[in-house]
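[1] Sequence first, then the predicted structure:
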Amino acid sequence: QVQLIDSGGGLMQAGASLRLSCAASGRTFSSYAMGWFRQAPGKEREFVAAVRWNGILTLYADSVKGRFTISRDNAKNTVYLQMNSLKPEDTGIYYCAVGSGLYKNPATYDYWGPGTQVTVSS
């Protein structure tokens with residue numbers, strides 16, 4: 001059974017840094033893309049970042065470009081999201097996901113973690 005576990009969320013002040021992790025189990029995801037999405041209260045889930053299977057090609061939402069960095073460790077079946085210069089608008093539940101390519105559409109991702117809460121206060 002495929003399982004994704006996101007972790008690392010917390011309550012932070014604006015300007016702080018935080019690193020999220022997502023550990024995958026149940027199969028090897030080294031040939032898949034892995035991504036992060038977030039959902040704020042009352043809003044739709046939105047794309048944050050994704051990394052291709054080789055860890056070299058990445059894609060970011062404009063709102064996080066230059067502040068967030070996605071990376072992966074295929075040996076550990078883990079993807080990370082380093083978040084710097086956090087803003088209150090970064091608040092939301094962050095979900096990791098596994099999909100077939102570097103896409104922003106959440107419908108293209110097949111497996112999802114339960115989410116981890118990130119709250120940024122001003």
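    Okay, I see it. Numbers count the residues shown, from 1 in each chain.

[2] Next, name the residue at the spatial heart of the chain.
    W36 (2.3 Å; CA atoms, centre = their mean).

[3] Leaving out the residues flanking it, which one is nearest to that residue?
    V48 (4.3 Å; CB to CB, 6 or more residues apart in numbering). To be clear about C-beta, it is placed using only N, CA and C from the backbone, and glycine gets the same treatment.

[4] since we're on the one you found, how many residues are nearby?
    Per other CB atoms under 10 Å, the neighbour tally for V48 reads 25.

[5] does it belong to a helix or a strand, and which?
    strand 46-51 (DSSP states H and E).

[6] need the next SSE after that strand, C-terminal direction.
    Counting by DSSP H and E, what follows strand 46-51 is strand 58-60.

[7] Please enumerate residues in contact with that next one?
    Strand 58-60 is contacted by residues 48-52, 68, 70, 102-104 when judged by CB atoms under 8 Å, 6 or more residues apart in numbering.

[8] Report the two of those residues separated the most.
    Within the contacts of strand 58-60, two members stand farthest from each other by CB to CB: F68 and Y103, at 17.3 Å.

[9] Which one's more surrounded, the two?
    The residue with more neighbours, out of F68 and Y103 and counting by other CB under 10 Å, is F68; that gives 22 against 15.

[10] Kindly provide the distance from that one to A49.
    6 Å (CB to CB, to the nearest Å).

[11] likewise Y80?
    In terms of CB to CB, Y80 sits 10 Å off from A49.

[12] between those two, what contacts are shared?
    In contact with both Y80 and A49: I70, using CB under 8 Å, 6+ apart.

[13] out of these two, which sits in the more crowded spot?
    Neighbour count, other CB under 10 Å: between Y80 and A49, A49 has more, with 25 against 20.
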